[in-house]
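Asker: Have a look at this prediction, sequence included:
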Amino acid sequence: RQALDFAGHARSPLMAMGCLFLWGFVDSFVQVWSYWIMSQLSDEPEELACFTAFYKLWQNAGAFVSFLVGLHRSYVLSYWINVALITISIFPTFLAIRSVSRGVQGKGEENLDSESEEVQTQSEDVDSESEVVQTQAIATV
């Protein structure tokens, strides 16, 4: 049997396939989460387009730097760059989650206020309709 690659000693490619599957899943998760974060920041399509362009700018800059690092063929350097980037991104991610969760709570309170005003207006309409019905009933008697 041939191993996973010429230098590898693995008998089964299942471990590598699992890692690649998880890598793709996490990549998709981060993409969707990033777009969700942007959607929580604004309701205006023009602003969302600017956010997306800024996001794509940094995504492509990262791909370019990754290409340059890959030219050196140093897997250890690539590994430590990834560890550093993940470590550096923890605090800004925490701040983004915190600010968005505050914004979502604020939007939720505004929606609750508008819904309660709408319910109050509907109940006033029902009260006025019931008064009209009672007046008509009295008038017919």
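Answerer: Perfect, I can see it now.
Asker: which helices and strands does the one helix or strand residue 32 maps to pack with?
Answerer: For residue 32, the host element (DSSP states H and E) is helix 14-41. Helices and strands touching helix 14-41, by 3 or more C-beta pairs under 8 Å, 6 or more residues apart in numbering; DSSP states H and E, are helix 45-70, helix 75-140. For every residue, glycine as well, the C-beta is placed using N, CA and C.
Asker: Lowest average confidence across the ones you listed, which one?
Answerer: Comparing mean pLDDT over the helices and strands packed on helix 14-41, the weakest stretch is helix 75-140, at a mean of 72.
Asker: right, and residue 51 touches residue 42 too?
Answerer: Yes - in terms of C-beta atoms under 8 Å, residue 51 counts as a neighbour of residue 42; the distance is 7.1 Å.
Asker: out of those two, which sits in the busier spot?
Answerer: residue 51 (18 against 14; other C-beta atoms under 10 Å).
Asker: so what's the more buried one up against?
Answerer: The neighbours of residue 51, taking C-beta atoms under 8 Å, 6 or more residues apart in numbering as the test, are 38, 41, 42.
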